[in-house]
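*Asks:* no FASTA, just this:
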């Protein structure tokens, strides 16, 4: 029993991690290529979820809802990039933090204006809302397995995109020397818009996927945003590989921490105290992980500088 | 208008706020301005390292919140007649503000020493994020630790006391905050003109040169970080007493963002900037909040325009003689 529970928690951690990866991939690319801290990345997560909830209600199809979350967030990304983000590339980090903080206010209140203050619900289709039996008598949710599969698929796709395609080579070149690649005839403005929109679209997709498990509400993006920042700091800013490793590390640490730490403290304290101390420390565990990584590797696990 | 004249005008106008509020027969104005002053103190604390030191701390809510919680917890234990136990040590809670402030200053300095020691090993965006991470740790800790209310927060039945003064009186409390504002200004001014402040400003420009004259820039930054944290912590303590309530909200990253916004809004590199920033931020909040439920939407627009087009802040807008741009890069 204990063992099955542990595996189940591990899978939960993996699912959480792959979702975080979808969020972090865009964030780390945008930072790595354009040098921009984008606090409003969580807003695209929210926009994707709302877009999906709306489309699911109109069409009744979960699949269309997922696709539309990707497209809606991508469009929001393109518009935001052209109207605001473009003006921020040359500014310092402080201005970027403030301007994108302002964007969060605008997006969150805008969505509340349109959809009202109550959360929306996005339902998982019946055929996915079931459990499957895995080897070793493990029973696990089909939908969560699907999330893990989508996450790994996208990670693979991004790996191919960044390392094997022309776009990826240009992105990498832009990361190293933006003036040189614009001299070589690459339209750097369009490249930046593409990268930003891709990141926004992935955030939107993960918002829709998670929105189906939790609820779709204003402000749902910010907690995930902070976690995504932790992920890219741990992984090293600008590195897709780092984002993947960091996301899984954070996902598993958080989930297993909540499960194992109270058990661990039960060896030293009585039950109530152990639960209290364990869960308190578990709620901080990923930040502790990040602090430790930064203390020993100040530019993250796969950071270059 | 020269900066000196404007500064003087700000302090004088603040001084007469209670009179104004009595004349208008609206005591809420005094309370509102107490809040403005408290946020201004927090901003002055942050501005020391943000404006003058170039350290973008995105986690100053940690100190603001810690100050609030120290105040709340001491009063909580005093009201419940339960001694506070830390390992084998036991001491009584207190509702005496003088002690509360001393404890707040000690604890927020210690926290700043801890956070600063580790954070200052990094620079740039990593510094922004690690300060944020430390603040988040405290935030989640405060939510998951149920003794002091957890997510619901902690109420103080009465404000803490000072002998011979009635702190529950809004005007008295306003002047307590006002005195702290003056102290904070004088103290930071003193720091800025001291060797410490000068080497801090120099470290922002060029660390290597500072090192080459035999000063350790890390040490300078760490000491400034501690002072900054202590001032912001004190503001948090006043804030807890003003509202007679503390909750994890004051530890949240939005709080860090708010303190940062009011510093920028008022104008960095200017000692009195955060006062004007806090004034405009709160008045805007009140004004927009009165017209529309979605005031944050418009606030977002205003901040965005300010960042994109009017970098220098309100202070520079009001002051005629052009500030030397060289120090702002």
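*Replies:* That came in fine, so what should we check first? Since the model is a prediction, treat every value here as computed from it, not as a measurement.

*Asks:* where does residue A:105 land in three-state SS?
*Replies:* Of the three states, residue A:105 takes helix under DSSP: H, G, I helix; E, B strand; the rest coil.

*Asks:* who's in contact with the residue lying closest to it once chain neighbours are set aside?
*Replies:* Nearest non-adjacent residue to residue A:105, counting by CB to CB, 6 or more residues apart in numbering or on different chains: residue B:300, 3.2 Å away. Placement of C-beta: from N, CA and C, glycine included. Counting by CB atoms under 8 Å, 6 or more residues apart in numbering or on different chains, residue B:300 touches A:102, A:103, A:104, A:105, A:106, A:109.

*Asks:* what's the neighbour count on the second one?
*Replies:* Burial of residue A:103 is recorded as 24 neighbouring residues (other CB atoms under 10 Å in any protein chain shown).

*Asks:* ok, and the closest non-adjacent residue to it?
*Replies:* residue A:40 (3.8 Å).

*Asks:* quick check on that neighbour: phi, psi?
*Replies:* phi -80, psi 0 (degrees, to the nearest 10).

*Asks:* from what I see, it and residue A:104 are in contact.
*Replies:* Yes: using CB atoms under 8 Å, residue A:40 makes contact with residue A:104 at a distance of 5.4 Å.

*Asks:* more neighbours: which of these two?
*Replies:* Taking neighbours as other CB under 10 Å, residue A:40 and residue A:104 compare with residue A:40 leading, 29 against 23.

*Asks:* which pLDDT value does the model give that one?
*Replies:* Listed pLDDT for residue A:40 reads 89.

*Asks:* which residues does residue 151 contact?
*Replies:* Went with chain A since none was named. Here residue A:151 is in contact with A:15, A:17, A:18, A:19, A:21, A:22 (CB under 8 Å, 6+ apart).

*Asks:* that answer is for a different chain, and I need it for chain B
*Replies:* B:143, B:247, B:248.

*Asks:* same thing but at 7 Å, please
*Replies:* B:143, B:248 (CB atoms under 7 Å, 6 or more residues apart in numbering or on different chains).

*Asks:* which SS class is it?
*Replies:* Per three-state DSSP, residue B:151 ends up helix.

*Asks:* low-confidence ranges, the chain, go.
*Replies:* All of this refers to chain A. A:1, A:304-305 (pLDDT under 70).

*Asks:* try chain B instead
*Replies:* Counting by pLDDT under 70, the ranges of chain B that qualify are B:85-90, B:311-312, B:320-329.

*Asks:* quick check on residue B:252: phi, psi?
*Replies:* phi -70, psi 160.

*Asks:* er, residue A:120 actually
*Replies:* Backbone dihedrals for residue A:120, given as degrees, to the nearest 10, come out at phi -100, psi 160.

*Asks:* that one and residue A:52, how far apart?
*Replies:* Per CB to CB, to the nearest Å, residue A:120 is found 9 Å from residue A:52.

*Asks:* the two - which one has more neighbours?
*Replies:* residue A:52 (30 against 17).

*Asks:* now the strands for chain B?
*Replies:* In chain B, the segments counted as strands under DSSP state E are B:84-86, B:89-91, B:154-155, B:245-246.

*Asks:* residue numbers of the stretch 1-150 of chain A in contact with chain B?
*Replies:* A:37, A:84, A:87, A:93-95, A:97-99, A:101-103, A:105-106, A:109-110, A:112-113 (CB under 7 Å from any CB of the partner chain).

*Asks:* now, of those residues, which are buried?
*Replies:* A:37, A:84, A:93-95, A:97-99, A:101-103, A:105-106, A:109-110, A:112 (16 or more other CB atoms under 10 Å in any protein chain shown).

*Asks:* beta-bridge partners for residue B:246, please?
*Replies:* With DSSP bridges as the criterion, residue B:246 is bridged to residue B:154.

*Asks:* can you tell me how far it is from residue B:45?
*Replies:* For residue B:246, the distance to residue B:45 - CB to CB - is 18 Å.

*Asks:* do the same with residue A:209
*Replies:* In terms of CB to CB, residue A:209 sits 41 Å off from residue B:45.

*Asks:* what about these two, which has more around it?
*Replies:* residue B:45 (31 against 26).

*Asks:* for residue 216, phi and psi?
*Replies:* In the absence of a named chain, chain A is used. The phi/psi pair for residue A:216 (degrees, to the nearest 10) is phi -100, psi 110.

*Asks:* you answered for a different chain; I wanted chain B.
*Replies:* The phi/psi pair for residue B:216 (degrees, to the nearest 10) is phi -90, psi 110.

*Asks:* A helix includes residue A:292, no?
*Replies:* Yes: with three-state DSSP as the criterion, residue A:292 is part of a helix.

*Asks:* what about it, neighbour count?
*Replies:* Neighbours around residue A:292, by other CB under 10 Å: 12.

*Asks:* how close does it get to chain B?
*Replies:* From residue A:292 across to chain B, the span is 10 Å (CB to the nearest CB, to the nearest Å).

*Asks:* also residue A:74?
*Replies:* 22 Å.

*Asks:* can you tell me the helix or strand for that residue?
*Replies:* helix A:62-83 (DSSP states H and E).

*Asks:* which residues touch that helix?
*Replies:* Outside helix A:62-83, the residues that touch it by CB under 7 Å, 6+ apart are A:44, A:47-49, A:51-52, A:55-56, A:103, A:122, A:124-125, A:192-193, A:196-197, A:199-201, A:203-205, A:207-208.

*Asks:* next one: stretch A:10-25
*Replies:* Here stretch A:10-25 has contacts from A:45, A:140, A:144, A:147-148, A:151-152, A:154-155, A:158, A:199, A:202-203, A:205-206, A:209-210, A:224, A:227-228, A:231-232, A:240, A:243-244, A:246-248, A:250-252, A:254-256, using CB under 7 Å, 6+ apart.

*Asks:* restricted to helices, list these.
*Replies:* A:45, A:144, A:147-148, A:151-152, A:154-155, A:158, A:199, A:202-203, A:205-206, A:209-210, A:224, A:227-228, A:231-232, A:240, A:243-244, A:246-248, A:250-252, A:254-256 (DSSP state H).

*Asks:* now, of these, which are buried?
*Replies:* A:45, A:144, A:147-148, A:151, A:154-155, A:158, A:199, A:202-203, A:205-206, A:209-210, A:224, A:227-228, A:231-232, A:240, A:243-244, A:246-248, A:250-252, A:254-256.

*Asks:* just say helix, strand or coil for residue A:238.
*Replies:* coil.

*Asks:* nothing else from me, thank you.
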